[in-house]
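Sequence below, structure please.
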Amino acid sequence: MAVARLGYIGISSQDPDAWNAFGSDLLGLMSVKGPGDGVYLKIDDHPYRIIVNKGAEDRLACMGWEVEDAAAYEHTIAALQAAGTPVEHGDDAGAVERSVSAYCSAADPAGNPLEIYHGRTNVGDAFESPQAVSRFLTGDMGLGHIVVPAPNTDETHAFYKDVLGFGDSDDLTLPPPAEGAPEMRVVFMHAANPRHHSLALFNLPNPTGIVHLMLEVPTIDEVGACLDRINRAGIPLLATLGRHCNDNMLSFYAISPGGIAVEYGCEGRQIDWQNFEATKTTVADVWGHEYQPVAV
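Numbering: from 1, shown residues only. Predicted structure coming up:
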């Protein structure tokens with residue numbers, strides 16, 4: 001039984017209020033009251049998809065991977081334990097904060113924190129964007145996608161494929177980012193939904209634990225309107241507007257408070273996995289996406 005989708009992420013932030021303003025005023029996410037003291041950002045009928053709690057550093061706190069039901073949940077726990085991965089069962093208070101029926105915590109071989117859950121609760125309230133974003137593309141495809149560092153790429157790739165049931169989408173290699181550095185490699189993987197990738201593994205370290213998080217809207221006009229808001233606010237870009245080759249996403253990358261990059265895009269490919277063969281590529285973009293170093 002494979003993981004179905006990325007359901008939520010947790011972020012540790014030195015300044016959750018700044019994240020709240022960035023999410024609502026610039027990205028058009030809906031700030032809502034949650035069960036705890038953190039910042040809760042909603043993008044669809046789920047209670048919230050992003051949870052930001054006060055922390056000593058700015059970094060990924062967890063990736064919440066959803067499985068379809070209680071049986072799949074128990075099967076996944078058994079698969080993790082059989083692979084020798086320590087699993088910590090979540091308590092009732094944690095389940096309430098995440099609005100789930102049950103969850104457990106673990107880490108992948110690169111040390112990235114992950115959670116497996118089933119039964120999202122408190123679903124149904126309407127999403128109303130403070131910036132008039134019509135909607136985000138979620139549903140069966142989940143929150144979006146996340147790219148995490150995995151210097152031990154092959155080992156981490158095998159974990160997600162063999163233990164959690166992800167499939168391969170694309171294996172991208174690019175020239176080294178600087179003289180003396182290794183070439184860059186990004187392994188793109190899909191969950192059991194049509195999104196081209198819900199997860200990607202990057203072979204270089206990242207201090208925040210998130211190379212980037214992607215949010216998808218329906219139209220280029222909504223991407224452009226968000227880019228205008230980002231530019232007016234003086235928020236630095238990690239990458240300018242462009243279109244990726246493998247998933248066709250037309251997007252830009254903005255730097256959130258604390259240095260986590262957020263990709264904001266549209267027109268991502270949706271795949272029939274029964275009629276798809278994983279690719280190996282050496283070109284990242286059709287056009288654009290000029291990457292620039294950013295001091296945070």
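
what secondary structure does residue 51 sit in?
Residue 51 carries the three-state label strand when classified by DSSP: H, G, I helix; E, B strand; the rest coil.

which residues sit in contact with the closest residue to it other than its chain neighbours?
Excluding its sequence neighbours, the residue lying closest to residue 51 (CB to CB, 6 or more residues apart in numbering) is residue 10, at 4.8 Å. C-beta coordinates here come from the backbone N, C-alpha and C atoms, glycine included. Contacts for residue 10 (CB atoms under 8 Å, 6 or more residues apart in numbering) come out as 50-53, 60-62, 64.

Residue 148 against residue 62, yeah?
No. Counting by CB atoms under 8 Å, residue 148 sits too far from residue 62 to count as a contact (11.3 Å).

re the thing from before, what's the average pLDDT for the helix or strand hosting the residue nearest to residue 51?
Using DSSP states H and E, residue 10 sits in strand 5-13. The average pLDDT within strand 5-13 is 98.

And the following helix or strand past that strand, how far out from the chain middle?
Toward the C-terminus, strand 5-13 is succeeded by helix 16-21 as the next helix or strand (DSSP H and E). Relative to its chain's centre, helix 16-21 lies at 18 Å (CA atoms, centre = their mean, to the nearest Å).

quick one on the thing from earlier: make a markdown table from the contacts of residue 10 and add pLDDT, distance to residue 164 and neighbour count to it.
Shown next, in a markdown table, are the contacts of residue 10 (pLDDT from 0 to 100; distance: CB to CB, whole Å; neighbours: other CB atoms under 10 Å):
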| residue | pLDDT | distance to residue 164 | neighbour count |
| --- | --- | --- | --- |
| 50 | 98 | 22 | 22 |
| 51 | 97 | 21 | 24 |
| 52 | 98 | 25 | 28 |
| 53 | 97 | 25 | 18 |
| 60 | 98 | 17 | 22 |
| 61 | 98 | 19 | 17 |
| 62 | 97 | 15 | 21 |
| 64 | 98 | 13 | 23 |
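
Residue 202: which of the residues you listed is nearest?
residue 60 (12.8 Å; CB to CB).

Run through the helices of this protein in chain order.
Counting by DSSP state H, the chain has helices at residues 16-21, 70-82, 92-98, 153-158, 220-232.

I'd like to know which of these is closest to residue 118.
Comparing the helices of the chain by CB to CB, helix 70-82 comes nearest, at 4.2 Å.

what comes up buried for the closest one?
If you call a residue buried by 16 or more other CB atoms under 10 Å, then helix 70-82 has these buried ones: 72-73, 76-77, 79-80.

With stretch 180-191 instead?
185-191.

Now that stretch: average pLDDT?
94.

Same question for stretch 250-263.
Taken as a whole, stretch 250-263 carries a mean pLDDT of 97.

cool, stretch 102-119 as well?
For stretch 102-119, the mean pLDDT works out to 98.

Between the two ends of that stretch, what distance do you get?
Counting by CA to CA, to the nearest Å, you get 7 Å between the two ends of stretch 102-119.

and if you look at stretch 178-191?
One end of stretch 178-191 to the other measures 32 Å (CA to CA).

gap between that stretch and the chain center?
17 Å.

ok, now stretch 231-245?
Using CA atoms, centre = their mean, the offset of stretch 231-245 from its chain centre is 18 Å.

how long is it from one end to the other?
End-to-end distance (CA to CA), stretch 231-245: 25 Å.

Contacts for that stretch next, please.
22, 25-26, 212, 223, 227, 230, 249-255, 261, 267, 281, 283-292, 294.

bridging residues for the residue nearest the centre of the chain?
Centrality entry for the chain: nearest residue to the mean C-alpha point is residue 146, 2.6 Å, by CA atoms, centre = their mean. Counting by DSSP bridges, residue 146 forms beta bridges with residue 199, residue 213.
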